[in-house]
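> got a predicted structure plus its sequence, pasted below:
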Amino acid sequence: MTTYTLDWDAYTALARKTVAEGAVLLKNDNQTLPLAAGTTISAFGRNQFNYYKSGTGSGGMVNVSHVVSPLEALQHHSDLTLNQSLLDVYEAWLEDHPFDKGEGWAAEPWSQEEMPVTDEIVAGAASQSDVAIVMIGRTAGEDRDNTADPGSYLLTDVELTLIEKVSGAFPKTVVLLNVGNVIDMQWALDFNPSAILYGWQGGMEGGNALVDLLTGEVTPSGKLPDTIVRSLEAYPSTPYFGHEDRAIYKEDIYVGYRYFETFAKDDVLYPFGFGLSYTTFDVATETVDMTEQQVTLTVTVTNTGTHSGKEVVQVYLEKPQGKLGNPSRGLVAFAKTQLLETGQSETLTLTVPLTEYTSYDDAGVTGHKSSYVIEAGDYHLYVGTDVRTAAHVATQTIGQLQVIETLSENMAPVTAFDRLKPQQTETGYDVSYEATPLRTIDPEARRLAERPAERTYSDDQGLTLKDVSEGKTSLDVFLDQLTDEDLAAIVRGEGMNSPRVTPGTAAAFGGVTDRLTAFGIPAACCADGPSGIRMDIGTKAFSLPNGTLVASTFNVDLVADLFEMTGLELRKNGIDTLLGPGMNIHRHPLNGRNFEYFSEDPHLTGMMAVAQLDGMHRVGVTGTLKHLSANNQEFHRHDLDSIVSERALREIYLKGFEHAVKRGQAYAIMTTYGAVNGLWTAGLYDQNTRILRDEWGFDGVVMTDWWAKINAEGTDANRQQTATMVRSQNDLYMVVGEPGANPFEDDTLSSLADGTLTRAELLRSAANICQFILRSPVMERTLGQEATVDVTGLPEETDDLHEQAVTHQQLQSGVPIVFDELDTSTGSSHVFAVTAEETGMYHVTFEARSYAGELAQMPVTLFANNMPVATFTFNGTDGEWVTQTKDVFVFNPHNYFKLYFALGGLELKNITFTLTESFHMKNG
Ligand code: BGC
C-alpha cells in the first residue's frame, strides 16, 4: 500500500512561490522596486487590513486558519520599517468603519469604504518615509458580476484622490492591486505612480509572496493573462454582456488580444503576456525547424541585468486571412526559464504542433465544411516576451490548402446574427461583419440514429464492482444487474453535505442508495474548488492563489507541483475530485467569476488546466473541468442563452477543455447552468457526446452544475428533464437530497416507460460513473488498498467550542428552540447546550429564510459535542420562511450543540427536535 507524505511546509512554500511568480509588475520607474534594506514605508489604503485571499461564492469558501496579508508580512520583515503613525491613523478610522461583510452569498460588497486622506497626512508621511505603498482591493464572484462602477471595475473618487495625492507627494509610490480580475487602469496614466504590481488574489500565502517581490527576495516574472485596455467600451463584447436572456458573441473568435492586436492596438495599455522584471534579458531565437508535423524553435534567454530572475518566452502565430479570416496573433507556445543568475543563459525548446496552424471552417467557404484546415498563404512566427513586442522570426509558406481534421457540424447556432471578420486595408484591418453560418442538421434525428443498442436486465448475478475491478467480469455484465430504479438513482448525485462522504463537501455520487452500495459501488466524493478545498462544516484547508494568478505564472511545472500537493490534500480528506479547474475564457472583464478562470487565451487556459491535472494525477486524484461551455456571465446564469458560432466555440471556448482532455487526460467535467445556442448544456448531446467523447476521446464522467436546468429542443428548461441529460451523456444530476426518493420528480423513469429514454442510454451513464470510481481513491478504499497520507508540519487548529458563552436548556420534543437575532454572518458559530430527556432518533427541523438568489448556497452545520451531525444548505427563499429536516441521533442526555454558518445571508428562526424513535434510556 502506498504511503504519501503531505509536507505542509513544502505546500506553503510552493504556494508562496506561485504567488511570487504570478504577480505582474506593470510599471517600475526609477527602480522604485525592489525596496532596499532599511527602507521606511508608508502603507496607505484600507485593503492592507482586509486582504482578499480569493473571490466569493463556491470557489471562495475555503475555511482557512490564517491568511497572511501584505501588511502582516511587512510588519514581520526585519529589514523594513513601517510608518507607525500612519498605521495608527488608519486603525483609529477603522474603529468607526469596520469591514463590511455584507449579507453573504452574492451580496458581499465588491470593495470597502476607503479612508480619505488629507494633504497633511500625506505630507507628514512623505517626510517620515522613503516609499509609499497604496493597496487597493476588489473582490467579485459567483452569481453576481462586477459592475462598471466606482467600487467595482472603476476606482472610487476617494481611491483616485488617494493615489493622486500619494503619487504627487512621494517620489516612489507602489500601487499594489489585490484584485480578482483586471480593473480600470486610467488612473495609472492620470497620476503616474512610479510602480504598479498586479497582485491578484493570492490565497493564504499572498502577503508573504508579495513582500518577497517588494524586497527583491524574488524577482517578478508574472505575465498578464489578459489584455488591459483603456476603457470597458473598447471591448467588442461590452454591448452584448449583462443581458438577461441572450448573450450574442458577435466578436466571434476575436476575444482579448486577438481583437485588440488585429483591430485596435491603440486601445491597449498593457498587452497580453506583458510583465516587467528587476533584471533584463536578451531573448535570441537560435533555430526554427519546420517539418510537416510541427515547428520546433530553440530560444536562448540570457540574463543581462543585475538581479537573478526568470523570463517567459512566448511564440505567436499570424495566419493568413485566407477565406476564413484570422486574428493577427495567436499564442501557440510558451516556456519559462529556470532562475537565471546574472550573465547566465538557458536555451528553451518550444514546439508548435501543426494543429495550432489550423482554423475551423464552420461555413464551408474553403470547400471543407466542419473541418480544421490550413489555408494556403504565409504563416508568420513571432517570438518575444509579450504579444506586442514579439519579433518576427520565421515565415512558412503553405502552397495549398490542407485539410487536417474533418469533423461534423455540432453546436451550431440557430439564431441569425452577424459576426466580426477582418477586412484588410492598406495599413491593417477594419472591422467588418459576415453572416454567421447557422445549423443545417437536425440534432435530435441524428441523436436518435446514434442510440446505443438496447440491453436487458439480467437479474442479480451476485457480482460486485470489486469483481469488475479484479477483472472477473466486465463492467457491462455487472451493470446489467441493476434495475431501472437503481439506474435512475445512480445518475443522481447526493448533496450538498451528503453523509455518505467527507462532511461539508459538495456531493456524493455512485453508491448513493443502499441497493447500489450493496452492489459494492462506493460513494465518490467531490468538493469545490478551484482555489482550495471547500468543506462547509468549517474544516480548515489550504487556500490557493486564484486561477488568474496561477495563469500569470506561465509556469506549468510549478503549477503541477503545487497541485500535486492539493491532490494529496484531497486524498487526505477522502475527496476523489476537486470541482476545478475553472476554465472559462475571460471574454469580458466584468464576469464575476473571472477570478476562478485563467485567461482570455485558450492555449494558456488549456496548458494551465493540463498542469493542474498532471499534478493531481501524480497522486491518483483528479479535477473536474468546469464549466463546459461558455459560462462567461453570472447575471441570469441559469437562463442565459449564449449565441456563438461553431468556429468560436471550437477555437476559443471549447479549446482549453480540448487540451485538458487530450493532453491532460481529464476524466471529470461539469457542464454549465445556461444554454449554448438554445440548448442547456446539461442536456446538450452535441457537446457532451459528439464533441467531448466521440471527437476528443473523453471517457470519464460529466456532471451538471448544482441544481442546473435542462431542456430538450423546443421545451422550457427545468430541473426535471433528466432523461434529456442522460441521453446527452451528462451522467450526473447534481444534486438532490435523497437520490433513492427522486425528490425533484425527475423524468428518468417515466421516460424509460414511454420509450423516449432507453435502458442502454442509462447504462452508458452508469458505466461512465463507475469508470470514474474504478480509477479513484474511493475504490482503493473499497478494495482495502487505500493509500495513507501522512501530514507533516500542519499547525494545530483551535477548537472554538469553549470560547463562547453557552446557554443551557431542556430539549422538549416538538417545541422549537427560538433564536433571537442570531449572528449568522460568514464563519460565525453559536453554541448552546441542551439536556434531552430521551435519547434516540430525532427529526431536526431548521426554519430559516433568505433574500439571496435561488442558487445561493448558505450552509449551516449542526455539530453535536463537536462532531458534525448534519448540514442544512439553504438556497435563497425570496424571503419566505422555509424548513429543512434531517435525522439526527442524539446519543447523550447532555449535549453541546454548535451551529456553524459557512456563509452569511440566512435568518434562522428556530430549530425543532422531534423524537421519532426513542432509545428507551430515560434520563437519570
Ligand atoms: C457553482 C459550481 C460549484 C457548485 C458546487 C455552483 O454554484 O457554479 O462551480 O462547483 O456550485 O458548489
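That came through fine.
> pull up the pairing partners for the longest strand anywhere in the chain, direction included.
When the chain is scanned for its longest strand (criterion: DSSP state E), the result is strand 907-922. Sheet pairing here is set by DSSP bridges, and for strand 907-922 it gives strand 817-818 (antiparallel), strand 838-849 (antiparallel).
> L811 pairs with what?
So, taking DSSP bridges as the rule, L811 has A836 as bridge partners.
> ok, it touching T835?
Yes: using C-beta atoms under 8 Å, L811 is in contact with T835, at 6.4 Å. For glycine as for every other residue, the C-beta is placed from the backbone atoms N, C-alpha and C.
> part of a helix, is A760?
Yes: A760: assigned to a helix according to DSSP: H, G, I helix; E, B strand; the rest coil.
> how close does it get to S458?
13 Å (C-beta to C-beta, to the nearest Å).
> now swap in D145 and tell me
51 Å.
> more neighbours: which of the two?
Applying other C-beta atoms under 10 Å to D145 and S458 shows that D145 carries more neighbours, namely 25 against 14.
> quick check, that one in contact with F635.
Yes: if you go by C-beta under 8 Å, D145 and F635 touch, sitting 5.4 Å apart.
> check the contact lists of those two and give me the overlap.
Counting by C-beta atoms under 8 Å, 6 or more residues apart in numbering, the shared contacts of D145 and F635 are G242.
> chain neighbours aside, what residue packs nearest to the residue in the stretch 51-200 of the chain that the ligand sits nearest to?
Distances between the stretch 51-200 of the chain and the ligand by C-beta to the nearest ligand atom are smallest at S58, namely 3.5 Å. Computed as C-beta to C-beta, 6 or more residues apart in numbering, the closest residue to S58 that is not its neighbour in sequence is D528, at 4.6 Å.
> quick one, phi psi at the one you found?
In this entry, D528 is assigned phi and psi values of phi -60, psi 150 (degrees, to the nearest 10).
> pairing partners for it in the sheet, please.
Assessed by DSSP bridges, D528 has beta-bridge partners L579.
> buried ones in stretch 215-231?
For stretch 215-231, the neighbour count (16 or more other C-beta atoms under 10 Å) marks 215-216, 218-229 as buried.
> narrow those residues to those in strands?
The strands, defined by DSSP E, take in I228, V229 from the buried residues of stretch 215-231.
> out of the buried residues of stretch 215-231, the closest to G102 would be?
Nearest to G102 among those: D226, at 26.3 Å, using C-beta to C-beta.
> show me what contacts the closest residue to the closest one other than its chain neighbours?
The shortest distance from D226 to any non-neighbouring residue, by C-beta to C-beta, 6+ apart, is to E600 (4.8 Å). Counting by C-beta under 8 Å, 6+ apart, E600 touches P225, D226, T227, V255, G256, Y257, F272, I585, H586, R587.
> highest mean neighbour count out of the strands paired with strand 907-922?
Using mean count of other C-beta atoms under 10 Å, the stretch among the strands paired with strand 907-922 with the largest mean neighbour count is strand 838-849, at a mean of 18.
> before we move on, back to that, now for the contacts of E600: which two are most distant?
Distances among the contacts of E600 were taken as C-beta to C-beta; the most separated pair is F272 and R587, at 14.1 Å.
> quick one: R446 is in a helix?
Yes: judged by three-state DSSP, R446 forms part of a helix.
> what's the neighbour count on it?
Quick note: R446 (other C-beta under 10 Å) scores 15 neighbours.
> measure the residue nearest to D226 to the ligand for me?
According to C-beta to the nearest ligand atom, to the nearest Å, E600 stands 20 Å off from the ligand.
> now do the phi/psi pair for that residue.
Main-chain dihedrals, E600, degrees, to the nearest 10: phi -80, psi -10.
> which non-adjacent residue is nearest G124?
Once flanking residues are discounted, G124 sits nearest to S85: 7.4 Å by C-beta to C-beta, 6+ apart.
> with only the CA atoms kept, save the host helix or strand of the one you found in PDB.
In this structure, S85 is located in helix 84-96 according to DSSP states H and E. C-alpha atoms of helix 84-96 as PDB (Å, rounded to 0.1, in the frame of the first residue of the first chain):
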ATOM      1  CA  GLN A  84       3.600  53.500  12.600                       C
ATOM      2  CA  SER A  85       1.900  56.900  13.000                       C
ATOM      3  CA  LEU A  86       0.200  56.400   9.600                       C
ATOM      4  CA  LEU A  87      -0.900  53.000  10.600                       C
ATOM      5  CA  ASP A  88      -2.300  54.500  13.800                       C
ATOM      6  CA  VAL A  89      -4.400  56.900  11.800                       C
ATOM      7  CA  TYR A  90      -5.900  54.100   9.800                       C
ATOM      8  CA  GLU A  91      -6.500  51.900  12.800                       C
ATOM      9  CA  ALA A  92      -8.400  54.800  14.600                       C
ATOM     10  CA  TRP A  93     -10.500  55.300  11.500                       C
ATOM     11  CA  LEU A  94     -11.300  51.600  11.100                       C
ATOM     12  CA  GLU A  95     -12.800  51.600  14.500                       C
ATOM     13  CA  ASP A  96     -15.700  53.600  13.100                       C
END
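> what packs against that helix?
The contact analysis (3 or more C-beta pairs under 8 Å, 6 or more residues apart in numbering; DSSP states H and E) places helix 84-96 against strand 40-44, helix 119-128.
> now render the buried residues of stretch 215-231 as TSV, adding pLDDT.
Compiled in TSV, those are given as follows (pLDDT from 0 to 100):
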residue	pLDDT
T215	98
G216	98
V218	98
T219	98
P220	98
S221	98
G222	98
K223	98
L224	98
P225	98
D226	98
T227	98
I228	98
V229	98
